[in-house]
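Have a look at this prediction, sequence included:
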Amino acid sequence: MKKIYLVALLAIGSFSTLSAQTTPEKAPEKTTELNEVAIIKTKKVIEQKADRTIFDFAGQASLNTGSVLEGIKKLPGLIASDIAGMMYQGKQLDVFMDGRPLNISTTELNAFLEGMPANAIEKIEIITQPGAEFPATSGGAILNIITNKNAKNYLSATYTNSTSFTSYDDVRWRMNNSLLLSAKNKYFGWQLNVGQNYRESAIWTSLEKEENGMTSLLSRTDADRIGRNNFIKSALTFDIGKDRLLLNYDLTQNNNDSYTLGNGPGFTTNDASVSTGLRQDAVVTYQKKFENTAKKLEFKFNYNNNTNDFELSPIGNSASTLDNSSNQNLYNFKFDYSQPIKFSDEGKLSFGSLYEELLFDAASKGVTNLDYKRRTAASYIELQSKFDKVNFILGGRAEDYNITGTTATAELTTFKQFRFFPNASAQYNFNNSIYFNMNYNKKITLPSTSALNPNNTNYQNPNIDYSGNPNLQPTIFDNYEVKLSAYDYAFVSYNISSAKNQVINRVTLNNDLVVNSNENIPEIKIHNFSVGMPIPYMLFTKGLAETMKMNVNPDTMNFLYVYAGYQYHQIPNVDTNGFWMFNFMSQIVLPKQIKFVANYNYIIPKGNYFYFIAVKPFRNALDLSFSKKFMKDQLTLSIYADDILNSNENAFNSYETPLLISNKMDTRKFGFSLNYKIPTKNKLAKENPNLLNKDKKEDSGILNQ
């Protein structure tokens with residue numbers, strides 16, 4: 001047994017040389033050549049850290065050739081679905097972009113991510129253990145989408161394109177383009193990222209009732225959809241003495257059409273829907289600098305506006321069946337301060353405060369039927385220290401909530417509470433590459449405005465109805481986790497997320513009317529066991545001794561990354577089954593430095609996901625990609641095929657109903673993508689993080705964090 005354990009660790013150790021990493025916390029990602037100014041970065045496909053998992057999107061053709069949602073669905077351990085929400089290793093995800101909450105969820109969130117091209121993404125961070133500095137409303141975990149790259153001392157430009165088509169029953173095209181420009185001079189730095197996404201897609205859905213051995217159709221729909229999305233992300237930074245001022249403005253606009261044929265007992269429909277949205281986000285950040293660079297003080301103000309309109313009409317009839325709209329305004333001000341302190345071997349003290357107001361109103365055919373107001377005031381303090389081989393984090397966050405509102409007929413149930421949210425973490429470092437973590441945190445999730453919205457913003461027919469629930473209450477989480485990690489790549493973890501008043505999507509049957517809504521369930525515990533390990537192929541061809549002598553990088557190594565996870569949803573008085581998730585990602589470098597990546601995801605059926613029971617695999621897809629760099633690495637060309645076996649199809653039973661819900665999308669897709677970095681005269685110019693606002697827990701800076 002000891003020999004097997006040693007061989008496994010040595011195999012992982014050989015893989016760890018990809019990054020030349022020496023410690024799990026302060027990993028030198030750069031090596032400098034003596035006679036040049038060039039700095040060479042080595043990125044990792046998957047990187048494990050004490051509080052997060054980081055996935056490289058920019059350098060992975062298997063992830064960045066479609067939409068953000070398509071790329072996210074390929075991540076090992078992550079589940080994303082319109083019907084079941086988004087979860088990572090058993091934890092509900094709060095989705096951030098560039099360090100700020102999106103404040104949308106469920107179908108609205110998936111539509112937003114589907115409309116954003118993945119080639120605009122630098123990397124994805126999944127923060128599995130958010131500390132006190134993060135909002136307590138982050139729930140179980142945070143998915144942080146980082147869209148921006150470093151700025152340089154010269155004008156740089158990068159153009160990306162992805163073009164593909166699906167061919168399930170007809171040819172449907174998808175195309176996205178983006179252009180990233182950035183530069184810095186002695187007065188200021190700037191960055192501009194513009195792009196568009198056009199996609200044609202289809203979805204076939206059936207709802208059936210199974211009773212007494214008989215199956216009857218309630219609804220069958222055939223929908224053709226066209227999505228159009230445009231975005232602008234901009235940034236300016238000014239040096240004011242030693243201090244820094246950052247200005248960010250983002251704009252995202254979408255215009256989506258859908259044409260749906262429906263039929264069921266006694267009805268046939270032919271409907272058209274139009275969904276439009278505009279999201280604007282502005283941030284002002286002031287960073288106070290000190291002689292001690294480990295000491296930080298930052299003030300940030302954020303304003304966000306999000307408007308959406310949805311209209312559903314029978315084709316040939318000017319009278320609309322649905323005409324719903326919503327408008328959301330969010331104001332957020334916070335400050336954060338941190339400084340090193342002499343506590344045992346080393347330490348850091350951080351504290352800060354936040355004040356936030358959210359105003360949301362929804363209307364149906366011009367009549368306002370929800371007026372929702374939320375105010376949050378918060379403060380936190382967190383201490384980090386190290387003693388010998390043990391690292392400690394101890395923190396607490398106090399938040400005060402005042403939630404009020406009215407519907408067209410009554411006042412909402414108010415939520416006025418003051419709550420304290422502790423967090424604690426301990427890490428034992430066996431050596432510089434292997435460490436063991438124990439974590440606990442208490443969190444809360446406030447219902448998203450999309451879940452509260454009483455108006456239907458989805459397709460409906462006489463047998464299908466969607467609606468929100470304005471009286472949803474917040475969910476309180478207690479999260480526990482133990483994790484053993486080795487060389488930043490391999491890990492074994494077990495976590496429990498215990499929630500009270502969990503918000504879930506519920507599908508019920510009222511006579512023959514299928515009702516989709518949201519509700520609180522009093523209590524749920526989600527158990528999750530996960531294991532991930534890289535296996536270099538040279539281990540089998542050259543043996544262990546030769547493998548240990550190799551010192552290569554991710555672009556030249558052949559390996560298989562294996563992930564397996566088991567998840568069990570424990571609901572009182574409900575007989576539930578767990579389910580296994582598997583992900584296999586293989587990279588092989590072919591002749592001419594052509595990189596071949598195969599990614600296979602499979603989730604075993606028959607398991608419970610809240611109140612849904614999977615009849616077919618929740619995900620079953622094989623994706624292939626070939627990529628090669630040309631013109632001294634300035635041009636990267638990729639050819640890809642997603643869901644090549646056309647096997648991805650969902651089917652669920654809904655608990656305590658005779659319903660069978662099935663859907664199939666045209667997920668089999670073929671296409672190509674290219675990334676072209678416009679050459680510059682000064683190729684050896686050093687990267688300058690002047691546009692960057694460094695995250696306190698991440699080595700690489702990002703824009704508008």
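Structure received.

The stretch 1-150 of the chain: strands as residue ranges?
30-32, 39-41, 46-48, 52-56, 78-81, 85-88, 91-97, 100-101, 123-127, 141-146 (DSSP state E, counting those that start in this stretch).

right, and the ones you listed - which one's nearest residue 583?
Nearest to residue 583 among these is strand 78-81 (9.2 Å), distances taken as CB to CB. Just so you know, the C-beta spots here come from the backbone N, C-alpha and C atoms, and that holds for glycine as well.

Give me the sheet partners of that closest one and which way each runs.
strand 85-88 (antiparallel) (DSSP bridges).

Quick one: mean pLDDT over the strand it pairs with.
Strand 85-88 carries an average pLDDT of 77.

and if you look at stretch 638-649?
Computed over stretch 638-649, the average pLDDT equals 92.

what comes into contact with it?
By CB atoms under 8 Å, 6 or more residues apart in numbering, the list of residues contacting stretch 638-649 from outside reads 61-62, 65-66, 70, 164, 168, 616, 619-627, 662-665, 667-674.

Now do it: distance to the chain's middle.
Offset of stretch 638-649 from its chain centre (CA atoms, centre = their mean, to the nearest Å): 21 Å.

what stretches of the stretch 401-550 of the chain score poorly on pLDDT?
487-488, 547-550 (pLDDT under 70).

how about the helices in it?
449-452, 538-541, 543-549 (DSSP state H, counting those that start in this stretch).

hey, which of those helices is tucked in deepest?
With neighbours defined as mean count of other CB atoms under 10 Å, the helices of the stretch 401-550 of the chain peak in mean count at helix 449-452, which reaches a mean of 24.

could you dump the helices of the stretch 401-550 of the chain to JSON lines with distance to residue 223?
Converted to JSON lines, the helices of the stretch 401-550 of the chain look like this (distance: least, CB to CB, whole Å):
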{"stretch": "helix 449-452", "distance to residue 223": "20"}
{"stretch": "helix 538-541", "distance to residue 223": "47"}
{"stretch": "helix 543-549", "distance to residue 223": "51"}
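
Roughly how far does residue 103 sit from residue 281?
In this view, residue 103 and residue 281 are 10 Å apart by CB to CB, to the nearest Å.

ok so, going back, so can I have a markdown table of the strands of the stretch 1-150 of the chain showing distance to residue 460?
Below are the strands of the stretch 1-150 of the chain laid out as a markdown table (distance: least, CB to CB, whole Å):
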| stretch | distance to residue 460 |
| --- | --- |
| strand 30-32 | 55 |
| strand 39-41 | 50 |
| strand 46-48 | 41 |
| strand 52-56 | 36 |
| strand 78-81 | 20 |
| strand 85-88 | 21 |
| strand 91-97 | 26 |
| strand 100-101 | 29 |
| strand 123-127 | 34 |
| strand 141-146 | 30 |
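
With distance to residue 517 and mean neighbour count as added columns, please give these in a markdown table.
Output for the strands of the stretch 1-150 of the chain, formatted as a markdown table (distance: least, CB to CB, whole Å; neighbours: other CB atoms under 10 Å):
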| stretch | distance to residue 517 | mean neighbour count |
| --- | --- | --- |
| strand 30-32 | 51 | 11 |
| strand 39-41 | 48 | 12 |
| strand 46-48 | 37 | 20 |
| strand 52-56 | 33 | 21 |
| strand 78-81 | 17 | 22 |
| strand 85-88 | 14 | 24 |
| strand 91-97 | 18 | 24 |
| strand 100-101 | 24 | 20 |
| strand 123-127 | 28 | 22 |
| strand 141-146 | 25 | 25 |
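
Is residue 535 bridged to anything, and to what?
residue 560.

Quick one: name whatever helix or strand follows the helix or strand hosting residue 285.
Residue 285 is part of strand 267-288 when elements are defined by DSSP states H and E. Counting by DSSP H and E, the next helix or strand C-terminal to strand 267-288 is strand 296-314.

Check which residues of that following strand are buried.
Buried positions in strand 296-314, judged by neighbour count with 16 or more other CB atoms under 10 Å: 296-298, 300, 302, 304, 306, 308-313.

what's the answer for stretch 328-337, then?
328, 330, 332, 334, 336.

what does stretch 666-679 give?
Residues of stretch 666-679 classed as buried: 666, 667, 668, 669, 671, 672, 673, 674, 675, 676, 677 (neighbour count, 16+ other CB under 10 Å).

Now do the contacts for the last one.
Read it as residue 677. Going by CB under 8 Å, 6+ apart, residue 677 touches 156, 157, 158, 633, 634, 635.

out of those residues, who has the most neighbours?
Using other CB atoms under 10 Å as the neighbour criterion, residue 156 leads the contacts of residue 677 with 21 neighbours.

That one against residue 179, yeah?
No. Residue 156 is beyond contact range of residue 179, at 11.3 Å (criterion: CB atoms under 8 Å).

Can you classify residue 362 by secondary structure?
Three-state call for residue 362 (DSSP: H, G, I helix; E, B strand; the rest coil): strand.

So which of the strands of the stretch 1-150 of the chain is nearest residue 536?
strand 46-48 (14.3 Å).

Show me what residue 262 bridges to in the sheet.
Here residue 262, judged by DSSP bridges, has bridge partners residue 221, residue 269.

Contact partners for it?
219, 220, 221, 222, 268, 269, 270, 271, 459, 461.

Narrow those to those that are buried.
Buried subset of these (neighbour count, 16+ other CB under 10 Å): 219, 220, 221, 269, 271, 459, 461.

that older thread, tell me which of the helices of the stretch 401-550 of the chain sits nearest to residue 469.
Closest to residue 469 of those is helix 449-452 (CB to CB; 6.8 Å).

And residue 169, how close does it get to residue 625?
24 Å.

Looking at strand pairing, list the partners for the one residue sitting closest to the centre of the chain.
Nearest to the geometric centre of the chain sits residue 143, at 4.0 Å (CA atoms, centre = their mean). Residue 143 has these beta-bridge partners by DSSP bridges: residue 95, residue 126.

Quick check, it in contact with residue 94.
Yes. The pair residue 143 and residue 94 passes the contact test of CB under 8 Å, sitting 7.3 Å apart.

my guess is residue 364 meets residue 320, correct?
No. Between residue 364 and residue 320 there is no contact under CB under 8 Å: 10.5 Å.
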